[in-house]
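Novice: fold the following, please.
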Amino acid sequence: AGLLWCEWHRETGQRRYRARARRTVRCMKKQVSEGSVLYRAPLQLMMAEMICRQNSKNNLQSAYAEAIKTAAVCQLPHIEAVANEKAGNCCLVHDDKAGAEQHYQRACKLYEQWGAQVLVEQLETKISHLEH
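Specialist: All right, here's what the predicted structure looks like:
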């Protein structure tokens, strides 16, 4: 749900969505501080999304890289795939087509392993549009 709040805030500019995203982050931080490993990668992804939505290039790539790495280490391929896709989207926001393509390619492989063929097809369409 937190990623949706971030996306809706970006699309609409409504502060209530940003507030809900921040509330979600606080809850996730609490879970991580209490030892829940499963929240670590999604929390890092949420933090990266919030940095991207602020149009801040500072630490942007490292924020997504950390979320992707944590998801891989925790063996959460679905989170790793989403993190790669979101990183690709953020690269596009910052006019980095090469970075976007790299992240989308990785997300495609992970979505394919997960069996999410519709998502693979959607990303392949995005990739083909990058090349034109």
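Novice: from memory residue 107 sits against residue 89, does it?
Specialist: No - with contact taken as CB atoms under 8 Å, residue 107 and residue 89 are classed as non-touching, separated by 10.0 Å. Where C-beta positions appear, they are placed from N, C-alpha and C, glycine not excepted.
Novice: between those two, tell me which one has more neighbours.
Specialist: Neighbour comparison, residue 107 and residue 89: the larger count goes to residue 107, with 27 against 17 (by other CB atoms under 10 Å).
Novice: got a list of what the more buried one touches?
Specialist: With contacts defined as CB atoms under 8 Å, 6 or more residues apart in numbering, the neighbours of residue 107 are 81, 82, 84, 85, 88, 119, 123.
Novice: what is the nearest of the residues you listed to residue 26?
Specialist: residue 82 (20.8 Å; CB to CB).
Novice: packing partners of the host helix or strand of that closest one?
Specialist: With elements delineated by DSSP states H and E, residue 82 resides in helix 77-93, which encompasses its position. The criterion is 3 or more CB pairs under 8 Å, 6 or more residues apart in numbering; DSSP states H and E, and the helices and strands that helix 77-93 contacts are helix 40-53, helix 60-73, helix 97-114, helix 117-130.
Novice: just send these back as TSV, with mean pLDDT and distance to residue 15 too.
Specialist: Putting the helices and strands packed on helix 77-93 into TSV (pLDDT from 0 to 100; distance: least, CB to CB, whole Å) gives the following:
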stretch	mean pLDDT	distance to residue 15
helix 40-53	86	13
helix 60-73	89	22
helix 97-114	94	28
helix 117-130	91	29
